[in-house]
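[1] next one to model:
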Amino acid sequence: MQASDSARESWPALMEQAQAGDQLAYTRLLKALVPVIRGQIRQQLTDRIRKM
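    The predicted structure is shown next:
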C-alpha cells in the first residue's frame, strides 16, 4: 500500500503538531505511516526471499 502524494504532503505538518504535543496529530501520523512502513518491510522481505 502506498500513500498518495497528497497524503504524504500532510506528514510534515502532522510531525510538527505532534512534536508540539498534539496527541490527535500524533495518532493521525502513526495511522498514516504504519501502512507505508509495513509495505516497505513486506517488499524488502519479498525481495530477499526471491534472491534465495
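
[2] tell me the contacts of the spatially most central residue of the chain?
    With distances taken as Cα atoms, centre = their mean, Leu33 lies nearest the centre of the chain, 1.8 Å away. Shown in contact with Leu33 (Cβ atoms under 8 Å, 6 or more residues apart in numbering): Trp11. (C-beta placed from N, C-alpha, C; glycine too.)

[3] what's the helix or strand for it?
    helix 23-51 (DSSP states H and E).

[4] any idea how far that helix is from the chain center?
    Distance of helix 23-51 from the chain centroid (Cα atoms, centre = their mean, to the nearest Å) equals 6 Å.

[5] next structured bit after the least confident helix or strand in the chain by mean pLDDT?
    Least confident helix or strand, the chain: helix 5-9 with a mean of 88, by mean pLDDT, DSSP states H and E. Going down the chain from helix 5-9, the next helix or strand is helix 11-19, by DSSP H and E.

[6] for that following helix, which helices and strands make contact with it?
    helix 23-51 (3 or more Cβ pairs under 8 Å, 6 or more residues apart in numbering; DSSP states H and E).

[7] can you give me the buried ones in the helix it packs on?
    Residues Ala25, Tyr26, Arg28, Leu29 are the ones in helix 23-51 that count as buried (16 or more other Cβ atoms under 10 Å).

[8] which of these sit farthest apart?
    Tyr26 and Arg28 (7.4 Å; Cβ to Cβ).

[9] re the thing from before, model confidence score at the residue nearest to the centre of the chain, please.
    Listed pLDDT for Leu33 reads 96.

[10] just to revisit the earlier point, and which of the buried residues of helix 23-51 is nearest Arg8?
    Nearest to Arg8 among these, with distances taken as Cβ to Cβ, is Leu29, at 11.4 Å.

[11] and the least confident helix or strand of the chain, how far from the chain's centre?
    Remark: helix 5-9 is offset 11 Å from the chain centroid, using Cα atoms, centre = their mean.

[12] pull out the buried residues from it.
    Buried residues in helix 5-9 (16+ other Cβ under 10 Å): none.

[13] residue ranges with poor pLDDT in this structure?
    1-2 (pLDDT under 70).
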